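>>> I'll drop the sequence and a predicted model, then ask my questions.
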Amino acid sequence: MRYAKGTIQLNQAHDYPLLRQVLRSDFILHRQLFEFLEIGHYERSQQSFAWRVRRLLRHGLLRAQNVAIFGGDLVYSVAPLAANHLQGTGEACLVSLSRPRPSPVSLLHAVELNEIHLSALRSGLSMYWTYAIEIRCQNELTQFHYAKDYDAVVRIGSNGHEARFALEYERTPKAKSYYEEVARSLAEETAVTCVLYLVPGCHMLNYVSRHFSKTSGRVCFGLVRDWHASQLNMPITKPGSYASHRLQELLT
């Protein structure tokens, strides 16, 4: 069957998984997108993947930008038409056509959060990753709320045991009042075993953690580099304590 010039027929086996991954990631590097799809067994060929991306860009379903610090690796996001189409297919998301222009910080946050996710996938960790866009949708449209809109919720299984923890990637500091409000919200959290704050450096870890000294021990803090190196075996600290624990210990 031939299609009218300028139109596109989306492929269920390859196009939809690609678009869903970009939508869930918000912003994603070319190499990250291929790795997600390769791990998920949606793509095997770099050449086929590159052709597919060019095709979706040409038809206005993907957007691309060249960000200097990524050395020529394009950053993709989903165009409004594609996002609304995915929402109509049942994808758990809330899409606004008047979405504000993203800041450089939000783009970097999304790309670096992708690396946090990929680290776990590369390690073979048995898990299910719920994306921020899905969490926001659940919090706004259902009665089964999390205490806040987390960056991710990770469900893991190990030795017949399952644990669920929320992940917050805090790459830049926020005001004291913000953390005090979050701490009050987390005191009511019952849907996850703990909340893990990942930060880029020791100074940020000290700054963020001290605002949670009055919360329960279900909030913990760790360095991004330790997550990349060890995932569940990474060292973490609890509010008001310098003692080091393993994330796995807290989850079990």
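Cool, got the structure. Just so we're clear, the structure is a prediction, and the values are computed from it rather than from any experiment.
>>> Which stretches in the stretch 1-150 of the chain count as helices?
Along the stretch 1-150 of the chain, the segments classed as helices by DSSP state H, counting those that start in this stretch run 15-25, 30-39, 46-58, 80-88, 104-122, 132-141.
>>> Can you list the low-confidence ranges for this protein?
1-6, 96-102, 158-160, 216-217 (pLDDT under 70).
>>> OK, contacts around Phe34?
43, 46, 49 (Cβ atoms under 8 Å, 6 or more residues apart in numbering). Every residue, glycine included, has its C-beta placed from N, CA and C.
>>> So for the longest strand along the chain, what gets flagged as buried?
Counting residues, the longest strand found in the chain (DSSP state E) is strand 161-169. Using 16 or more other Cβ atoms under 10 Å as the test for burial, strand 161-169 gives 163-169.
>>> Run through the neighbouring helices and strands of that strand.
Using 3 or more Cβ pairs under 8 Å, 6 or more residues apart in numbering; DSSP states H and E as the contact criterion, the elements in contact with strand 161-169 are helix 104-122, strand 152-158, strand 194-199.
>>> Pull up the pairing partners for the last one, direction included.
Sheet pairing for strand 194-199, assigned by DSSP bridges, gives strand 161-169 (parallel), strand 219-223 (parallel).
>>> so Leu196 touches Pro235, yeah?
No: Leu196 is not in contact with Pro235 according to Cβ atoms under 8 Å; the separation is 11.9 Å.
>>> shared neighbours, the two?
Joint contacts of Leu196 and Pro235 (Cβ under 8 Å, 6+ apart) are Gly222.
>>> higher neighbour count, the two?
Leu196 (26 against 15; other Cβ atoms under 10 Å).
>>> check contacts around that one.
165-168, 220-222, 236, 247.
>>> just those now: which is nearest Thr190?
Taking Cβ to Cβ as the measure, Thr190 sits nearest to Ala166 out of those, at 11.7 Å.
>>> list the contacts for that closest one?
Residues counted as contacts of Ala166 (Cβ under 8 Å, 6+ apart) are 146, 150, 152-154, 189, 192, 194-196.
>>> same check, this time on Ile39
So Ile39 contacts 121-122 (Cβ under 8 Å, 6+ apart).
>>> State the distance from it to Lys176.
40 Å (Cβ to Cβ, to the nearest Å).
>>> cool, and His85?
To Lys176, His85 is 42 Å away according to Cβ to Cβ.
>>> Give me the more crowded residue out of those two.
Per other Cβ under 10 Å, whichever of His85 and Lys176 has more neighbours is His85, with 17 against 11.
>>> what about the residue nearest to Leu118 when sequence neighbours are not counted, neighbour count?
In this structure, Leu118 finds its nearest non-sequential neighbour in Glu35, 6.0 Å apart by Cβ to Cβ, 6 or more residues apart in numbering. Neighbour count for Glu35, taken as other Cβ under 10 Å: 18.
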